[in-house]
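>>> Let me see the structure of the following:
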Amino acid sequence: MSNRFAHLADQEPVVEDGIEYWESQPASLDGVLGGFGTGSLPRIDALGSRQLLLELFPELCTVPSPLKPATVRERSARFRALDVGAGIGRVTRDVLLHLVQDVVLVEPVEKYVQEAWSRAQFQENPVLDQDSIDAEDETLEEIDFRVLWKGIREQKTSVTLIQSTHQSLDPSDPLSSTKYIGRVGYKPSPNELGDINSKFDLIWCQWSLGHLSNPELILFFTRAKSALRDFESVMIVKENVCAEIEGSMRGGMVFDDQDSSLTRSNRTFKALFKEAGMSLHLEKTQEGFPEGLYEVKM
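Below you'll find the model as predicted:
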């Protein structure tokens, strides 16, 4: 999220190098957020994301609101979301489960997806003992993060966990070339994976697309587009953006050799959307983040 390690892009991401870097980071909120997990950033980020979702899908609002229309679209199927590059499940827990019914969570880093699975399983049997509370590496905020995955215990919502890179993932067939970890919460009868190849209403990509080269990203967008349910379905890209490079038709990119990732400019993202045959429906800037970070576009 910080821009202090970045330089002008003359390299491309190596997926194995990126995974190796994240395997060295703690499987915690602070770890996945690069040291910003204990301040205001997680709450501000989640609030901005939920506001964006409600602007796109006002019918998902669960409380009386002027944003919710008097008549809403009737849905014949449960609202499904794909959370790609999901880490330990932060966006699933803090954003998606508040508004949608079924989430497929995809994460390539072994320690992160296993931590997400541990936290997901905990929802169905949330018992804390004193040893857990006293653990030196687990703050009260982390304990709270494990407990509150909305709707899982009541079987109203579900989370299906898959281990995969973006490069290997086919959103239309999530179990191909991937590792199935498990599922918690609501299960369609008679098979808990009976809906796994159903289309998605929403695909969420946040702080993970930098680990794909431009050709890989275009291919991922193309695959993801084919997994959307209908013309009202959307992909949300929430990413850092760097400054534009003067004279460049495409914008600009910087490479971070610490985690082997690219930060793209806003114009670069738009060029890649266009090359993948996608159209931009809405653009927002995330407000309220600490100074010194890249601008974040949604």
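>>> Can you tell me the number of residues neighbouring the nearest residue to residue 199 once chain neighbours are set aside?
Nearest residue to residue 199, sequence neighbours excluded (C-beta to C-beta, 6 or more residues apart in numbering): residue 229, at 3.7 Å. Glycine gets a C-beta too; all of them are placed from N, C-alpha and C. Residue 229 is flanked by 15 other residues according to other C-beta atoms under 10 Å.
>>> and what of the one 3 residues further on?
The tally of other residues near residue 232 (other C-beta under 10 Å) stands at 11.
>>> the helices in the chain, which residues?
For the chain, the helices defined by DSSP state H occupy 15-23, 29-32, 41-56, 90-94, 110-124, 130-134, 140-147, 214-226, 266-275.
>>> Distance of the closest residue to residue 260 other than its chain neighbours relative to residue 178?
Leaving aside its sequence neighbours, residue 260 sits nearest to residue 17 (C-beta to C-beta, 6+ apart; 3.8 Å). Using C-beta to C-beta, to the nearest Å, we find residue 17 at a distance of 21 Å from residue 178.
>>> for the chain, which spans come out with low pLDDT?
1-9, 65-76, 126-147, 247-250 (pLDDT under 70).
>>> If we use 80, what do you get?
For the chain, the stretches with pLDDT under 80 are 1-10, 62-76, 125-147, 246-251.
>>> quick one on the thing from earlier: need the helices of the chain in CSV with distance to residue 174 and mean neighbour count, can you?
Converted to CSV, the helices of the chain look like this (distance: least, C-beta to C-beta, whole Å; neighbours: other C-beta atoms under 10 Å):
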stretch, distance to residue 174, mean neighbour count
helix 15-23, 18, 16
helix 29-32, 21, 20
helix 41-56, 21, 17
helix 90-94, 15, 24
helix 110-124, 13, 20
helix 130-134, 32, 9
helix 140-147, 25, 15
helix 214-226, 11, 18
helix 266-275, 22, 18
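>>> nearest to residue 259, of those helices?
helix 15-23 (4.2 Å; C-beta to C-beta).
>>> what sits up against the closest one?
108-112, 165, 167, 211-212, 258-261 (C-beta atoms under 8 Å, 6 or more residues apart in numbering).
>>> how about 7 Å then?
108, 109, 110, 111, 112, 165, 167, 211, 258, 259, 260, 261 (C-beta atoms under 7 Å, 6 or more residues apart in numbering).
>>> to the chain's geometric centre, what's the distance from it?
Helix 15-23 has its C-alpha centroid displaced from the chain centroid by 17 Å (C-alpha atoms, centre = their mean, to the nearest Å).
>>> Distance check, residue 203 against residue 297.
Counting by C-beta to C-beta, the gap from residue 203 to residue 297 is 16 Å.
>>> who's more crowded, those two?
Neighbour count, other C-beta under 10 Å: between residue 203 and residue 297, residue 203 has more, with 23 against 18.
>>> could you pull out the strands for this structure?
6-8, 80-84, 102-107, 158-163, 179-185, 202-206, 234-242, 253-256, 261-265, 295-297 (DSSP state E).
>>> would TSV of those strands with distance to residue 288 be doable?
Output for the strands of the chain, formatted as TSV (distance: least, C-beta to C-beta, whole Å):
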stretch	distance to residue 288
strand 6-8	22
strand 80-84	22
strand 102-107	25
strand 158-163	27
strand 179-185	31
strand 202-206	16
strand 234-242	14
strand 253-256	23
strand 261-265	20
strand 295-297	10
